[in-house]
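> sequence plus the predicted model coming up.
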Amino acid sequence: MCLSIPGKLISITAQLDDTFRIGRVSFDGVVKEVNLTLVPEAKLGDYVMVHVGAAISVVNEEEARKTFEILRQLGELHELDEPDIHLKL
């Protein structure tokens, strides 16, 4: 099953221009590097849906929390236990 997981954008770690960026996203305390190319509008503090290391949309905080809790209840957060793969621009 393919899932996107909501997390909070906490920092921008690399930026080529306004579109091509890498950021650190917190998933309830687990922090991963994420490609932000598909969400150029995302800013620090926004919640983004992340699939396979790429943010695919920006969502509001309430939706992010609801989705994360459902995934936790379903036991679908095992991807967060995998080692972080550092993305390069």
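Perfect, thanks for sending it.
> buried residues in the strand or helix carrying V25, which are they?
Secondary structure assigned from DSSP states H and E places V25 in strand 21-27. Across strand 21-27, burial judged by 16 or more other CB atoms under 10 Å covers R21, I22, G23, R24, V25, F27. The way it works is simple: take the backbone N, C-alpha and C, and place the C-beta from them, glycine included.
> stretch 68-78 too?
Applying 16+ other CB under 10 Å to stretch 68-78 flags F68, L71, L77 as buried.
> for the record, mean pLDDT for that stretch?
For stretch 68-78, mean pLDDT rounds to 79.
> and the contacts of it?
M1, L3, I5, P6, F27, D28 (CB atoms under 8 Å, 6 or more residues apart in numbering).
> going along the chain, name the helices of this protein.
Per DSSP state H, the chain carries helices over the ranges 61-74.
> contacting residues around I10?
Residues near I10 by CB under 8 Å, 6+ apart: G23, R24, V25, S26, V31, L44.
> give me the pLDDT for the last one.
Pointing back at L44 there. pLDDT, L44: 97.
> and for it, the neighbour number?
10 (other CB atoms under 10 Å).
> contacting residues around it?
By CB under 8 Å, 6+ apart, the residues touching L44 are L9, I10, S11, I12.
> can you report how many residues neighbour the first one?
The reference is to L9. 23.
> output the least confident helix or strand in the chain by mean pLDDT as PDB, nothing but the C-alphas.
Every helix and strand in the chain was compared by mean pLDDT, DSSP states H and E; the lowest is helix 61-74, with a mean of 87. Extracted in PDB, the C-alpha atoms of helix 61-74 (Å, rounded to 0.1, in the frame of the first residue of the first chain):
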ATOM      1  CA  GLU A  61      -2.800  21.400  10.700                       C
ATOM      2  CA  GLU A  62      -6.100  19.800  11.700                       C
ATOM      3  CA  GLU A  63      -6.200  17.500   8.600                       C
ATOM      4  CA  ALA A  64      -2.500  16.600   9.200                       C
ATOM      5  CA  ARG A  65      -3.200  15.600  12.800                       C
ATOM      6  CA  LYS A  66      -6.300  13.600  11.900                       C
ATOM      7  CA  THR A  67      -4.500  11.700   9.200                       C
ATOM      8  CA  PHE A  68      -1.400  11.000  11.300                       C
ATOM      9  CA  GLU A  69      -3.600   9.600  14.100                       C
ATOM     10  CA  ILE A  70      -5.500   7.300  11.700                       C
ATOM     11  CA  LEU A  71      -2.200   6.000  10.300                       C
ATOM     12  CA  ARG A  72      -0.900   5.400  13.800                       C
ATOM     13  CA  GLN A  73      -4.100   3.500  14.700                       C
ATOM     14  CA  LEU A  74      -3.700   1.400  11.600                       C
END
